[in-house]
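Engineer: For reference, the sequence and a predicted model appear below.
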Amino acid sequence: MHRDTPVFCTRPEYNYFGNTLYLDGAGDENGCLEVMPGGHLIAELDRESMAMAQYGSLDALPQLDDGIWNAYQKRVVDRCLEQGLKPKKIHVSPGDALIWHPQLPHGGSPIKDIARTRHSFVFHTAPVGAHVYHQHVFFNPSKPFPEYTHWRQNMIEGRAVVHHSQGIALGHPAHQTFPLDQLDLTGLTKVPMQEVSAAEALEQTTGGKALEHMV
């Protein structure tokens with residue numbers, strides 16, 4: 001069970017929410033989502049002290065590192081249990097959708113039937129142009145970092161989606177990237193899409209009211 005925030009870090013912090021859209025149902029047999037209700041209210045840890053103990057300097061923080069990730073998540077779960085919080089399984093049907101707080105501890109329950117699938121789309125929704133950082137920023141909360149990014153965006157039906165130039169990346173545990181021009185789009189409905197800069201996407205979605213924050 002874990003929080004997403006160490007590897008999906010924004011400025012200001014926690015400036016997004018998580019989503020899951022289920023293509024398959026999920027229950028005890030194929031492993032469902034398990035959450036710690038109320039865990040998002042558990043106070044944030046002293047991340048700087050954790051980083052100093054692990055690396056000896058806040059300037060030496062790596063973007064991703066299993067050591068500090070595991071230490072952080074274990075301490076979060078321990079605090080939840082100390083507060084009397086208990087894990088809860090979320091059983092869902094195909095087509096169900098969940099929205100969760102970025103600080104909510106969650107994870108997958110054990111799979112009893114490995115022949116069963118549990119296909120779903122899991123993603124994060126953040127403000128247009130928001131810069132997403134990893135552990136090197138999360139464990140250094142006092143250091144200023146830019147709020148907005150210069151990543152290219154795809155405008156799709158009035159919404160801005162980060163343009164992944166390398167393709168769609170799938171992890172857990174494959175970590176493979178599939179080029180967009182090699183994907184089989186049979187059966188999918190194509191919608192108009194326009195690639196723009198982050199500033200242009202922000203202007204289109206806010207009428208230019210937030211452009212000054214991109215400087």
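Structural biologist: Happy to help now that I have it. Numbers count the residues shown, from 1 in each chain.
Engineer: contacts and neighbour counts: CA atoms only from here.
Structural biologist: Will do.
Engineer: and stretch 18-30, average pLDDT?
Structural biologist: What stretch 18-30 shows for mean pLDDT is 95.
Engineer: Do me a favour and get the end-to-end distance for it?
Structural biologist: Distance between the two ends of stretch 18-30: 21 Å, counting by CA to CA, to the nearest Å.
Engineer: Going along the chain, name the strands of the chain.
Structural biologist: With DSSP state E applied, the chain shows strands at 17-22, 33-35, 88-90, 97-100, 106-108, 120-125, 153-156, 159-162, 168-170, 176-178, 193-196, listed in chain order.
Engineer: can I get the CA coordinates of stretch 181-194 in CSV?
Structural biologist: Taking Å, rounded to 0.1, in the frame of the first residue of the first chain, the C-alpha atoms of stretch 181-194 are listed here in CSV:
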residue,chain,number,x,y,z
ASP,A,181,2.3,5.1,-35.0
GLN,A,182,2.6,1.3,-34.3
LEU,A,183,-0.6,1.0,-32.2
ASP,A,184,-3.5,-0.9,-33.5
LEU,A,185,-6.4,1.6,-33.5
THR,A,186,-8.9,-0.8,-35.0
GLY,A,187,-12.3,-0.2,-33.5
LEU,A,188,-11.4,3.1,-31.9
THR,A,189,-13.1,6.3,-32.7
LYS,A,190,-10.7,9.0,-33.9
VAL,A,191,-11.3,12.5,-32.6
PRO,A,192,-9.7,15.8,-33.7
MET,A,193,-6.4,16.5,-32.0
GLN,A,194,-4.1,19.5,-32.1
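Engineer: which residues touch it?
Structural biologist: If you take CA atoms under 8 Å, 6 or more residues apart in numbering as the criterion, stretch 181-194 is touched by 154, 155, 156, 157.
Engineer: out of those residues, which are buried?
Structural biologist: By neighbour count, with 16 or more other CA atoms under 10 Å, the contacts of stretch 181-194 hold 154, 155 as buried.
Engineer: In CSV: the strands of the chain, plus distance to residue 73.
Structural biologist: Below are the strands of the chain laid out as CSV (distance: least, CA to CA, whole Å):
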stretch, distance to residue 73
strand 17-22, 17
strand 33-35, 13
strand 88-90, 17
strand 97-100, 17
strand 106-108, 10
strand 120-125, 19
strand 153-156, 32
strand 159-162, 28
strand 168-170, 22
strand 176-178, 25
strand 193-196, 37
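Engineer: Lowest average pLDDT across these?
Structural biologist: Among the strands of the chain, strand 168-170 has the lowest mean pLDDT, at a mean of 72.
Engineer: chain center to the lengthiest helix in the chain, what's the gap?
Structural biologist: The residue-count maximum for a helix in the chain (DSSP state H) belongs to helix 66-82. Mean-position distance between helix 66-82 and its chain equals 18 Å (CA atoms, centre = their mean, to the nearest Å).
Engineer: do stretch 91-111 as well
Structural biologist: Relative to its chain's centre, stretch 91-111 lies at 13 Å (CA atoms, centre = their mean).
Engineer: Please report the separation between the first and final residues of it.
Structural biologist: Note: stretch 91-111 ends 13 Å apart using CA to CA.
Engineer: For that stretch, list every residue counted as buried.
Structural biologist: So, applying 16+ other CA under 10 Å, buried residues of stretch 91-111: 92, 100, 101, 102, 103, 104, 105, 106, 107, 109, 111.
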